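Chemist: Sequence and predicted structure, then a few things I'm wondering about:
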Amino acid sequence: MPYKWYTNKGMNYIIHHFIKYELLDWMEEYSQKIIDHSKESIVVTDLKGIVISVNPTFEQKMGYIKSEVIHKENKIFYVDEFEASEVTRNINDNGKIENRRTTVKTKDGKNREIELTAWIVKKGNENVIVRVSKFLEKTQILKSVIAITENILKAYEPEDLMYNIVKETAQLLESQFCLLYLVSKDNSELVLKATNDQEYLKKAKNMTYILDWNAKNDVEIDGITAWVAIRKKSFEANTWNEIINHSSHKGKLDLIYSSSGIIFKNSYAIPLIMDDQIKGVLRIENKIYGDTYTTVDKEIFELMGKYVMLVLEEQERLKKTVLYHIAHLTRSPIALAVMNLSLLEPNNLTRLSRFEFTESLRIIKNALMQANMTVTNLILWSTDSKGVHSGSARMVDMKELINKIIHSFEAYVKNNMRFKLDVKGNVSLSIPSEIKLEIILQNVIHNAIKYSKHINPIEYISVEGKSEGNYYKIKVRDNGIGMSKEDLKIIFNEFAKGESSKAIRDRYGSVMGLGIGLSSVKKICNEMEWQYDIYSQLGKGTTFTLILPTGDKQDGK
Amino acid sequence: MENKTILVADDEYGFRFPIRKFLESIGYNVMEAKNEQEVFQKVSEADFLVIDVIFPEKKEGIDIVKKIRLDQNEKIKNIPVIFFSILSDSMCIEELHGLDKRSYSWLQKPFEFTELNKAILELKRLR
């Protein structure tokens, strides 16, 4: 996948700058500023290789001070002096060399790997060689990139991750405020947002992030053309502040970008291009650096872009993993059903007892129910529950409903499993969507069955239903493998499966699951404004409580 | 039919059950293992090992076989293995690296019982 924009390294930027402005006096203040701020080591020599000037990065990396090297032959920096001559000859022959790997030695005699790019530039009436070296060893920043990459591999928590990245970047920029956001591939939602400003973050969490890229309004601000994309409405702006004000006034997060990245007094924005399409915008606001940006900033922006790309790549990986799990989860029950059906074929040599025949049927039903539940949860997940028919609100007899669900599981559970049912009173509730209530209970009971230890002669799952004040509580309790506190924190997240209980699972056997059952439960509860509670102890079992409002106030208020 | 013993290892009872019934119907003695510990407890009594790859998760079934291949006991070490999985063997090339290809077969779920029988006979022939 070509990630074009971040291949434009700082060094190439400098080269581009010099080539573009070849006719400019290179000693001009602006050019000198770039050289002085560059993270790359820059040495200017005459055409024979005699040093004319060096930048601060050279001094820092090589250990020399300027006065020690001026008028010296640049071959003193090379491990192989002959190579120094060869490089100078090549530059003279071709006008430039690009990305040549070589080894230099520092003042204290240490060898360091570099990537050298050099070219001839006019300086007044004479030609000089500008030699830009990138040191290849891991800098502190690169180390942190690696560390963060490793973290991504360990855990996928983009928001926290991005927050840390922005915090670190703000520190690097010595800035008080950094903001980063990224829209999704189809531009319909915000994928990531991160800022080191807590207030902004709080506000951003409640925003709607719908963007309409078709509303392309070319706006010229400070001589730079930018596009402004605002939800379903085009917007004209003449200044950066107008855009900011408009955005905050409307309470929406808007994006401003140009095709090549725009620079404003206090901000910087670069589009993220993947597969030749703009996938998002990286925008950074920086209160310290004023009317310009330096190559140092540029490097950091690029670094941040790399982080973002890492996250995008991680999302791609996650997508594949999810599809793999979905395929696995649907294929497994199909395989179970097919192989058990083979036992029931008349021409099979197998002779089954009546018990075994029933056992086989139970496994088949179990498998098909598993597949059906996976599909239902996937529909819920992918459609924000719109894909599940809501039905219409009606009075539901709770005892009847709980009985119905338990009955559907009776043929499904193993012979050593029993339900203890305790539903008090004949309570009818007005339920907006009976189907969604059924899905919750099916998922919770299914989990109780799945996560039972399967070691006792008889395993019990108890289901209680009773009115308490203005609520009706349904409790599903098992004595299964339970969950740790760490698992409980994440178990309602999509694709989360308890990891810390792996040892317990090894002991009692594993279960199949994608980790969307409880996230479906959470989604429905949030939608219906139903409350729920979960209590669990590792190795001892789990109790899930669903709390439904009774609607008709029992206290007569 | 020789009275050979086959160890069927899968954490999912729903798979162990039909495989066991089939193998018994064609004259084998069958033992079952639902976790790694049970595999190591029973493998010394078995002539063949039929094992799920994702056992209990990831591709740990292959790791178990690799451990068996390091056993001091010649019979255990050389036990013929039939892997079965939702995955294809080409999805596990890296994990299978180092295992003698003549010492195992691969069946993808769901498979016909006749395929399982053929795989056993083929491994017997190769021994």
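Modeler: It's in.
Chemist: The lowest-mean-pLDDT helix or strand in chain B and chain A in contact?
Modeler: When each helix and strand of chain B is scored by mean pLDDT, DSSP states H and E, helix B:93-96 comes last, with a mean of 86. No. Using C-beta under 8 Å from any C-beta of the partner chain, helix B:93-96 stays clear of chain A, with a minimum separation of 15.5 Å. C-beta coordinates here come from the backbone N, C-alpha and C atoms, glycine included.
Chemist: for that helix, packing partners?
Modeler: Applying 3 or more C-beta pairs under 8 Å, 6 or more residues apart in numbering or on different chains; DSSP states H and E, one finds that helix B:93-96 contacts helix B:60-68.
Chemist: Let me know whether the helix it packs on sits next to chain A.
Modeler: No. Judged by C-beta under 8 Å from any C-beta, helix B:60-68 stays clear of chain A, getting no closer than 9.6 Å.
Chemist: quick one: buried residues of that helix?
Modeler: Within helix B:60-68, the residues scored as buried using 16 or more other C-beta atoms under 10 Å in any protein chain shown are B:60, B:61, B:62, B:64, B:65, B:68.
Chemist: again with stretch A:442-460
Modeler: Counting neighbours by 16+ other C-beta under 10 Å, stretch A:442-460 gives A:442-454, A:459-460 as buried.
Chemist: next one: stretch A:89-104
Modeler: For stretch A:89-104, by 16+ other C-beta under 10 Å, it's A:91, A:96, A:97, A:100, A:102, A:104.
Chemist: coming back round to it: tell me the first helix or strand C-terminal of the least confident helix or strand of chain B.
Modeler: Note on helix B:93-96: by DSSP states H and E, the next helix or strand toward the C-terminus is strand B:104-108.
Chemist: Residue B:49: how many residues sit nearby?
Modeler: 25 (other C-beta atoms under 10 Å in any protein chain shown).
Chemist: Likewise for residue A:36?
Modeler: Going by other C-beta under 10 Å, the residues that sit close to residue A:36 add up to 13.
Chemist: now do the one 5 residues further on
Modeler: When counting by other C-beta under 10 Å, one arrives at 24 neighbours for residue A:41.
Chemist: quick one: contacts for it?
Modeler: A:54, A:55, A:57, A:58, A:61, A:62, A:114, A:132, A:133, A:134, A:135 (C-beta atoms under 8 Å, 6 or more residues apart in numbering or on different chains).
Chemist: Dihedrals phi and psi, the most centrally placed residue in chain B?
Modeler: Most central in chain B under C-alpha atoms, centre = their mean is residue B:50, positioned 2.0 Å from the mean C-alpha point. Recorded main-chain torsions at residue B:50 are phi -110, psi 110, according to degrees, to the nearest 10.
Chemist: Quickly note the distance from it to chain A.
Modeler: 13 Å (C-beta to the nearest C-beta, to the nearest Å).
Chemist: Quick check: beta-bridge partners of that residue?
Modeler: residue B:8, residue B:82 (DSSP bridges).
Chemist: Where do the helices of chain B begin and end?
Modeler: Taking DSSP state H as the test, the helices found in chain B are B:13-25, B:36-42, B:60-68, B:74-77, B:93-96, B:113-126.
Chemist: By mean pLDDT, show me the worst of those helices.
Modeler: Among the helices of chain B, helix B:93-96 has the lowest mean pLDDT, at a mean of 86.
Chemist: buried ones in that helix?
Modeler: B:95, B:96.
Chemist: go on, stretch A:356-372?
Modeler: A:359, A:360, A:362, A:363, A:364, A:365, A:366, A:367, A:369, A:370, A:371.
Chemist: Could you export those as JSON lines, including distance to residue A:319?
Modeler: Shown next, in JSON lines, are the buried residues of stretch A:356-372 (distance: C-beta to C-beta, whole Å):
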{"residue": "A:359", "distance to residue A:319": "38"}
{"residue": "A:360", "distance to residue A:319": "37"}
{"residue": "A:362", "distance to residue A:319": "35"}
{"residue": "A:363", "distance to residue A:319": "32"}
{"residue": "A:364", "distance to residue A:319": "32"}
{"residue": "A:365", "distance to residue A:319": "32"}
{"residue": "A:366", "distance to residue A:319": "29"}
{"residue": "A:367", "distance to residue A:319": "26"}
{"residue": "A:369", "distance to residue A:319": "27"}
{"residue": "A:370", "distance to residue A:319": "23"}
{"residue": "A:371", "distance to residue A:319": "22"}
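Chemist: Most widely separated two among these?
Modeler: A:359 and A:371 (19.0 Å; C-beta to C-beta).
Chemist: Would you map the strands across the stretch 301-450 of chain A?
Modeler: A:394-397, A:417-423, A:428-431 (DSSP state E, counting those that start in this stretch).
Chemist: The last one packs against which elements?
Modeler: Using 3+ C-beta pairs under 8 Å, 6+ apart as the contact criterion, the elements in contact with strand A:428-431 are strand A:394-397.
Chemist: The same query, at a cut-off of 10 Å, please.
Modeler: strand A:394-397, helix A:398-410, helix A:434-450, strand A:471-478, strand A:541-549 (3 or more C-beta pairs under 10 Å, 6 or more residues apart in numbering or on different chains; DSSP states H and E).
Chemist: Repeat that for the first one.
Modeler: Where contact means 3+ C-beta pairs under 10 Å, 6+ apart, strand A:394-397 is packed against strand A:428-431, helix A:434-450.
Chemist: For the first one, output the C-alpha coordinates as PDB.
Modeler: Yep, that's strand A:428-431 we're talking about. The C-alpha coordinates for strand A:428-431 follow below in PDB (Å, rounded to 0.1, in the frame of the first residue of the first chain):
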ATOM      1  CA  SER A 428     -46.400  -8.200  32.800                       C
ATOM      2  CA  LEU A 429     -44.200  -5.300  31.500                       C
ATOM      3  CA  SER A 430     -44.600  -3.000  28.600                       C
ATOM      4  CA  ILE A 431     -41.500  -3.900  26.600                       C
END
